[in-house]
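> I'd like to go over a predicted model; first the sequence, then the structure.
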Amino acid sequence: MKIKNSIADRFISTSVIFRQFLLLIILVSFSFAKDIKVSAYVDRTKVTTEDIITFTVEVEGTTDFPNVSTPGGTDFVVISGPSQSSSIQIINGAMTASKTVKWRLAPTRTGKLEIKPVVFKYRRKTYRTNPIVVTVTDKGKTIPPGQRSRPTQDSKQKSVRSKTDSELYLKAVPSKTTVYRGEEIDVSFDLYYKNVKTFSRKKLPDAQGFWIEEFPTKSNPAVTTEVVNSIVYKKASIQRLAFFPTKTGELTIDPMIIDCEVMVPRQRRRSLFDDFFDDSFFKDSFFGSTRVITVASRQIKVNVKPLPEEGKPSNFSGAVGKYSIQSSIDTLVTTQDQALTLKYKISGIGNINAVKLPELDFPKSVEVFEPKIERKINNKKNKIQGSVVYEYVLIPRRAGDITIPALSFSYFNPSQEKYRRAVSKVFNIKVHHQEKLFASQSLGQRKEEISLLGEDIRFISRENPKWYRANLSIFSETWFWITNTFVLIIVFGAVGFRWWTEKMETNVAFARRRRAWTNAQKGLKEAEKVLNVGAKEAFVTHLDHAIISYISDRLALAVSGIGPQEIEAKLKEENVDSKIIKNIDSVLKRIGLERFSPGVISESECKSLLEESKNIISGLSKVI
């Protein structure tokens, strides 16, 4: 008996250690993310001094995107930005995510100018984009055709149209416009176009008085060609909807609205080569810009007729379509006060949400509970289909024979314009008295008793046993507690590390506060470095940036556009000592004086400014 218990304890301890080790591997693996992909590009590489280019940085491979800084350098000035957008796609079960950050830049001079690399950190790893060279010439000079590394959204010109021209329109095609109440109307929304790059659904139709079901949509719908009014169009069915009218009269299905990105070829003077350039190859976005056109379909008027009164069954509950009914019960022989499960399943074509069972006529000796109702919609075929299951719990309170009559379910078939009926089976149930037992319950022993009897037999072992101390438990082993303590330290460390990295990447204010001291010290060291080589102009620039950036990062302020007055007001709100505020104001004014009037401050005064700046940042670290 002791041998068996010891072996069992050893097996349990081994399995516990294996599970802990597996948990450790999983948690640590979650703490490290996959590598991300970073790319940078512009919409043109040859421009004039009057042009504005779009600079784009794209990050792929993560859903918690890092913060991307503004491109540096003096060759370009930022006109607008950054503008950010993100997208997540799931293709064949694999998820891909990307973030795009864009700036609009203007060149400051002519020549071959360089957009400096954008550098940022993500999960303790530094990423750097490639530098991009842009050729800038005077406005009067002729520029070769623009070179695009990739078309961007900023090259679009957006326009909105309620009625489109012959190049593009959206057509709503209903399966019918005269129906009975509750009858299905399928509407296909087809896009006719010549030169559309992408589209997006902006607004689905509003349809008061209808129940709406959507058919599955494809991100890349099949494209065919069709001739309309002697013009060849490309045609794409972008949406199918099923409408079920819930009231009679003339109803309206409102327009569907979509945004289309249309490619616009570059405007050129007419020449002998027009026929050559009119080829579809030169209509690609590489050779022109794009614009966004909003198009809408036309309204659809639907005449909804009431259901006929002639032949309407008394138990009709409003179902329209084509249905069948199935019924089942778990047993036909039971005992008094034992629960039974009775199911009715109605399936077919039509609006399953409008299907209701008529009132059931159960015997008075049967207690009936509220049914559990489960509906399933199938929208993957030409018509909306589905099923609804009503599950009843019945308890017979008296012994004897019980009959559950057939259920008659009535519905209106619009294609035949007649009422139809589906009928379920009849169930005859035999209920025994509670004291009567079946033979299988009274004869022989139960499985539990046989198991206990088998455990009473102990076979004699002929081998020399290996003895273990009695009542030895895994919890009394030192190695068990050491292993568990080590595993807990690793687990909590991994969780804490992941929490820290996620907060640093997702909470901008938190990350700025944590990095403020490090960035300030780097700025002070850089200022001291350039001062040693006599570059006073660069010295005051680094010093000014170190002080203002530290205060801005600690107080979550915008770095650009902040001056001594704003800093003084914010520090007073934080109840900072007035002496510190005066010192900061004095240092910033002397720095500004040297920046705008070079040579005013001597080298010894610059060293004094550096020491004062160090003291200011050190003092502020204790109060903000």
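Nice, I can see it.
> how about the helices in this structure?
Secondary structure of the chain, counting by DSSP state H: helices at 2-30, 274-277, 439-442, 447-455, 478-506, 508-532, 536-555, 564-573, 578-596, 603-620.
> Single out the most deeply packed of these.
Stretch with highest mean neighbour count among the helices of the chain: helix 536-555 (a mean of 21; mean count of other Cβ atoms under 10 Å). (Each C-beta comes from the backbone N, C-alpha and C, glycine too.)
> Tell me the helices and strands packed up against that one.
In this structure, helix 536-555 packs against helix 508-532, helix 564-573, helix 578-596, helix 603-620, with contacts taken as 3 or more Cβ pairs under 8 Å, 6 or more residues apart in numbering; DSSP states H and E.
> Next, the contact list for the closest residue in space to residue 184 that isn't next to it in sequence, please.
Counting by Cβ to Cβ, 6 or more residues apart in numbering, residue 184 lies nearest to residue 242, which is 5.5 Å off, once chain neighbours are set aside. Going by Cβ atoms under 8 Å, 6 or more residues apart in numbering, residue 242 touches 184, 185, 186, 187, 212, 213, 214, 215, 379, 383, 384.
> can you do 10 Å?
Listed by Cβ atoms under 10 Å, 6 or more residues apart in numbering, the contact set of residue 242 reads 175, 184-187, 210-215, 351, 379, 383-384.
> List buried residues within these.
Neighbour-count burial (16 or more other Cβ atoms under 10 Å) is assigned, among those, to 184, 185, 186, 187, 210, 211, 213, 215, 351, 383, 384.
> Can I get the residues you listed in JSON lines including pLDDT and distance to residue 340?
Shown next, in JSON lines, are the buried ones among the contacts of residue 242 (pLDDT from 0 to 100; distance: Cβ to Cβ, whole Å):
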{"residue": "184", "pLDDT": "95", "distance to residue 340": "36"}
{"residue": "185", "pLDDT": "95", "distance to residue 340": "42"}
{"residue": "186", "pLDDT": "95", "distance to residue 340": "41"}
{"residue": "187", "pLDDT": "95", "distance to residue 340": "45"}
{"residue": "210", "pLDDT": "92", "distance to residue 340": "40"}
{"residue": "211", "pLDDT": "90", "distance to residue 340": "35"}
{"residue": "213", "pLDDT": "91", "distance to residue 340": "35"}
{"residue": "215", "pLDDT": "92", "distance to residue 340": "39"}
{"residue": "351", "pLDDT": "92", "distance to residue 340": "31"}
{"residue": "383", "pLDDT": "93", "distance to residue 340": "35"}
{"residue": "384", "pLDDT": "93", "distance to residue 340": "33"}
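> mind checking how far residue 383 is from residue 186?
To residue 186, residue 383 is 8 Å away according to Cβ to Cβ, to the nearest Å.
> Mind listing the shared neighbours of those two?
With Cβ under 10 Å, 6+ apart applied, the overlap between the contact sets of residue 383 and residue 186 consists of 175, 215, 242.
> out of those, which are inside strands?
Mapping the shared contacts of residue 383 and residue 186 onto strands (DSSP state E) picks out residue 242.
> Now render the shared contacts of residue 383 and residue 186 as a markdown table, adding distance to residue 564.
A markdown table is the format used below for the shared contacts of residue 383 and residue 186 (distance: Cβ to Cβ, whole Å):
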| residue | distance to residue 564 |
| --- | --- |
| 175 | 71 |
| 215 | 63 |
| 242 | 66 |
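> nearest to residue 112, of the shared contacts of residue 383 and residue 186?
Residue 112 lies nearest to residue 215 out of the shared contacts of residue 383 and residue 186, by Cβ to Cβ, at 54.5 Å.
> Surely the closest one touches residue 186?
Yes. At 8.0 Å, residue 215 counts as touching residue 186 under the criterion of Cβ atoms under 10 Å.
> Identify the contacts common to those two.
Listed as contacting both residue 215 and residue 186 by Cβ under 10 Å, 6+ apart are 240, 241, 242, 382, 383, 384.
> Would you mind checking which of those residues is nearest to residue 38?
For the shared contacts of residue 215 and residue 186, the minimum distance to residue 38 (Cβ to Cβ) is 39.7 Å, reached by residue 240.
> follow-up on the earlier one: now the helices of the chain as JSON lines including distance to residue 302?
Listed next are these as JSON lines, based on distance: least, Cβ to Cβ, whole Å:
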{"stretch": "helix 2-30", "distance to residue 302": "54"}
{"stretch": "helix 274-277", "distance to residue 302": "47"}
{"stretch": "helix 439-442", "distance to residue 302": "62"}
{"stretch": "helix 447-455", "distance to residue 302": "65"}
{"stretch": "helix 478-506", "distance to residue 302": "49"}
{"stretch": "helix 508-532", "distance to residue 302": "52"}
{"stretch": "helix 536-555", "distance to residue 302": "61"}
{"stretch": "helix 564-573", "distance to residue 302": "62"}
{"stretch": "helix 578-596", "distance to residue 302": "71"}
{"stretch": "helix 603-620", "distance to residue 302": "70"}
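> Out of these, which gets nearest to residue 125?
Residue 125 sits nearest to helix 478-506 of all the helices of the chain, at 10.8 Å, using Cβ to Cβ.
> For the residue nearest to residue 184, give its distance to residue 214.
8 Å.
> Now do the shared contacts for the two.
379, 384.
> who's in contact with residue 204?
189, 212, 214, 239, 241, 254, 255, 256, 257, 258.
> let's see it at 8 Å
Contacts were defined as Cβ under 8 Å, 6+ apart; by that measure residue 204 touches 239, 241, 256.
> I'd assumed residue 252 was in contact with residue 301.
Yes. Using Cβ atoms under 8 Å, residue 301 is in contact with residue 252, at 6.1 Å.
> more crowded one of these two?
Each of residue 301 and residue 252 has its neighbours counted (other Cβ atoms under 10 Å); residue 252 has more, 15 against 11.
> give me phi/psi at the nearest residue to that one once chain neighbours are set aside?
The shortest distance from residue 252 to any non-neighbouring residue, by Cβ to Cβ, 6+ apart, is to residue 299 (5.6 Å). Dihedral pair for residue 299: phi -70, psi 150, per degrees, to the nearest 10.
> tally of neighbours for residue 299?
Per other Cβ under 10 Å, the neighbour tally for residue 299 reads 11.
> I'd say it and residue 256 touch.
No. Here residue 299 lies out of contact with residue 256, judged by Cβ under 8 Å, at a distance of 10.4 Å.
> what's the weakest-modelled helix or strand in the chain?
Scoring the helices and strands of the chain by mean pLDDT, DSSP states H and E places strand 156-160 at the bottom, with a mean of 39.
> which ones are touching the residue lying closest to residue 199 once chain neighbours are set aside?
Leaving aside its chain neighbours, residue 199 sits nearest to residue 260 (4.6 Å; criterion: Cβ to Cβ, 6+ apart). By Cβ under 8 Å, 6+ apart, residue 260 lies in contact with 168, 191, 193, 196, 198, 199, 292, 293, 294, 295.
> The closest residue to residue 577 other than its chain neighbours: neighbour count?
Once flanking residues are discounted, residue 577 sits nearest to residue 623: 7.1 Å by Cβ to Cβ, 6+ apart. Other residues near residue 623 number 12, with proximity taken as other Cβ under 10 Å.
> pLDDT at residue 607, what is it?
With respect to pLDDT, residue 607 scores 86.
> That one: what's it in contact with?
Residues in contact with residue 607 (Cβ under 8 Å, 6+ apart) are residue 531.
> For the residue nearest to residue 203 when sequence neighbours are not counted, the count of nearby residues, please.
Closest residue in space to residue 203, ignoring its immediate chain neighbours: residue 257 at 4.2 Å, by Cβ to Cβ, 6+ apart. Residue 257 is flanked by 17 other residues according to other Cβ under 10 Å.
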